[in-house]
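*Asks:* Provided below for reference: sequence and predicted model.
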Amino acid sequence: MGRYFASIALLMAVVAVAPVSFAATRYVITDDNGGPNTASVYSLDTTTGAMTLITVLQAGGRGQGGTFSGFTVALKQDASCVFVFDSGSSDIAAFARAARYGKVGNYSNPVLNSSPFGGSIAITPNGKWLYASYTESQNIGAWRVNSNCSLSFIAAYVPSVGADSFSTLGVTPNGQGLVVPAPNHQAAEAFRINSNGTLTDVNFVSWKDVFTCTQQLCFPLGVDFTKDSELAVFGDSGEPLLSANLTRNGLTNPQAWPVVNAPGFSFPVLAILGADAYNGSGSLYAGTLGGQVPGEEPQVATIKFTEKPLNLQMGTATVIESPNLLDGQIATVGNIMIIAEQFNAIGVYRINSDGSVTLLNTVFDENASSLASFSMYPNTR
């Protein structure tokens, strides 16, 4: 017990210092157990790839194993609040720094049900509003983040495109929009985030009639955005990567990019912009699950990306020698890439100058039974 409180005190001391002190250290907060849910907090040395377990947060609900492209951990930008989505019990666990990162409570609503296929959460940059996707009730929940990190339910929304297994969503960097992929409709929905946290449904776009998607079905999944909040890029449980422009009138100009042409590369469910690409030009990283076709291994592809004019071109692909068959989420910070490798491994890789990645370290999270999701702190790229 003394060791537990010592680790909490260490975490509190770390997040209390000025942001400039995070230059070489980041924090990885994992989630998703297929039973009693926990979140493991690791420090990450971005020079060596070393990871050190700091503490384990007891969420109190049930995990479900995640969706590979959805995020089930969210933090306020100053780390004063941490939220963990208990997808198996359809609740969100809240932790507060002011309470020594003790749990504030678990928050749910009868109209929101995420079982059995997981879901995703996202918090606005100002830390005032949190949104969650619920796969079984097939709707979106809006929550107000209170000063003590508790949550108050605002409303539930069904996107105008129709009911779907909304397993992923994303808040735009400017905090003004929420984008929700609707894979079964081959579409994505755009909501406007109002000043009181409510949502206004703006529109949806569909890739059904995009030529590439008439040849290879397109099912948008994990979403990422450029810094100016003018472009959304999507992973795909089909074959191409997908994009759509963001305007005041919602999503426009859906495009498909069959750029990932590496042997054995399929189902690029994640599309993550590196720091340069986030700012308009650089590398976009696509990750595959692996194991979907006999003999197929997980891979990460590096895509050459330019926002204006929009262009995606295949760079290189690296087979990930994961200790497990399936890979989950990926994230980048500088020239470091983190990969969740089911069922309980975290791979730390160096991104080389040619876009390939080299393994630096593998950590096994003894508290995870189905690790598919994690978040980084600070969440800058």
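*Replies:* Received, thanks. The model shown is predicted, which means the values in this text are computed figures rather than measured ones. Numbering: from 1, shown residues only.

*Asks:* and the longest strand belonging to the chain, what's its mean pLDDT?
*Replies:* In the chain, with assignment by DSSP state E, the single longest strand is strand 51-62. Strand 51-62 shows a mean pLDDT of 92.

*Asks:* and what of stretch 231-247?
*Replies:* Mean predicted confidence for stretch 231-247 is 92.

*Asks:* Between the two ends of it, how far is it?
*Replies:* End-to-end distance of stretch 231-247 (CA to CA, to the nearest Å): 9 Å.

*Asks:* what's the offset of that stretch from the middle of its chain?
*Replies:* Relative to its chain's centre, stretch 231-247 lies at 15 Å (CA atoms, centre = their mean, to the nearest Å).

*Asks:* same check, this time on stretch 255-275
*Replies:* On CA atoms, centre = their mean, the centre of stretch 255-275 falls 16 Å from the chain's centre.

*Asks:* Would you mind extracting the C-alpha trace of the helix or strand harbouring residue 191 into CSV?
*Replies:* Residue 191 is part of strand 187-193 when elements are defined by DSSP states H and E. In CSV, the C-alpha atoms belonging to strand 187-193 read as follows (Å, rounded to 0.1, in the frame of the first residue of the first chain):
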residue,chain,number,x,y,z
ALA,A,187,-19.9,7.4,-44.3
ALA,A,188,-18.9,9.8,-41.6
GLU,A,189,-21.0,12.4,-39.7
ALA,A,190,-20.0,15.9,-38.7
PHE,A,191,-21.4,17.7,-35.6
ARG,A,192,-20.9,21.2,-34.4
ILE,A,193,-19.9,21.5,-30.8
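
*Asks:* what pLDDT, on average, does it get?
*Replies:* 98.

*Asks:* pLDDT weak spots in the stretch 1-150 of the chain?
*Replies:* For the stretch 1-150 of the chain, residues meeting the criterion pLDDT under 70 lie at 1-24, 32, 34, 64-69, 116-117.

*Asks:* ok so, going back, tell me the strands beside the longest strand of the chain, with direction?
*Replies:* strand 36-45 (antiparallel) (DSSP bridges).

*Asks:* And the contacts of the partner strand?
*Replies:* 11, 14, 24-31, 50-63, 73, 82, 84, 86, 88-89, 93, 336, 338, 346, 348, 363, 365, 367-368 (CB atoms under 8 Å, 6 or more residues apart in numbering). Placement of C-beta: from N, CA and C, glycine included.

*Asks:* Now, of those, which are buried?
*Replies:* 11, 14, 26-31, 51, 53-57, 59-63, 73, 82, 84, 86, 88-89, 93, 336, 338, 346, 348, 363, 365, 367-368 (16 or more other CB atoms under 10 Å).

*Asks:* Quick one: distance of the longest strand of the chain to the chain centre.
*Replies:* 18 Å.

*Asks:* Then stretch 136-152?
*Replies:* On CA atoms, centre = their mean, the centre of stretch 136-152 falls 17 Å from that of its chain.

*Asks:* What are the buried residues along it?
*Replies:* So stretch 136-152, judged by 16+ other CB under 10 Å, has buried residues 136-143, 145, 149, 151.

*Asks:* How about stretch 225-236?
*Replies:* 225-227, 229-236.

*Asks:* re earlier: after the strand holding residue 191, which helix or strand is next?
*Replies:* Downstream of strand 187-193 (by DSSP H and E), the next one is strand 199-206.

*Asks:* which of the residues in that following strand are buried?
*Replies:* 199, 201-206.

*Asks:* can you check stretch 242-249 too?
*Replies:* Those would be 242-246, for stretch 242-249 by 16+ other CB under 10 Å.

*Asks:* could the residues you listed be laid out in TSV, adding secondary structure and distance to residue 279?
*Replies:* Formatted as TSV, these follow (DSSP: H, G, I helix; E, B strand; the rest coil; distance: CB to CB, whole Å):
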residue	secondary structure	distance to residue 279
242	strand	21
243	strand	17
244	strand	19
245	strand	17
246	strand	16
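
*Asks:* ok, which stretches of the stretch 201-350 of the chain are helices?
*Replies:* 211-215, 275-278 (DSSP state H, counting those that start in this stretch).

*Asks:* Is residue 262 in contact with residue 303, as I believe?
*Replies:* No. The criterion here is CB atoms under 8 Å, and residue 262 misses it with residue 303 at 10.8 Å.

*Asks:* between those two, who's got more neighbours?
*Replies:* residue 303 (27 against 17; other CB atoms under 10 Å).

*Asks:* Tell me which residue is most central in the chain.
*Replies:* residue 71 (3.6 Å; CA atoms, centre = their mean).

*Asks:* what sits against that one?
*Replies:* If you count contacts by CB under 8 Å, 6+ apart, residue 71 has them with 120-122, 168, 329, 373, 375.

*Asks:* how about it, secondary structure?
*Replies:* Residue 71 carries the three-state label coil when classified by DSSP: H, G, I helix; E, B strand; the rest coil.

*Asks:* Next, it: phi, psi?
*Replies:* phi -100, psi 130 (degrees, to the nearest 10).

*Asks:* Would you mind measuring from it to residue 356?
*Replies:* To residue 356, residue 71 is 26 Å away according to CB to CB, to the nearest Å.

*Asks:* same thing with residue 94?
*Replies:* Residue 94 is 40 Å from residue 356, by CB to CB.

*Asks:* which residues are common contacts for residue 262 and residue 303?
*Replies:* residue 314.

*Asks:* May I have the residues that are in contact with the closest residue to residue 217 other than its chain neighbours?
*Replies:* Nearest residue to residue 217, sequence neighbours excluded (CB to CB, 6 or more residues apart in numbering): residue 238, at 4.7 Å. Residues near residue 238 by CB under 8 Å, 6+ apart: 213, 216-219, 267.

*Asks:* One more pass at 6 Å, please.
*Replies:* 216-219 (CB atoms under 6 Å, 6 or more residues apart in numbering).

*Asks:* Columns pLDDT on top of the residues you listed, output as TSV?
*Replies:* Formatted as TSV, the contacts of residue 238 follow (pLDDT from 0 to 100):
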residue	pLDDT
216	84
217	84
218	92
219	92
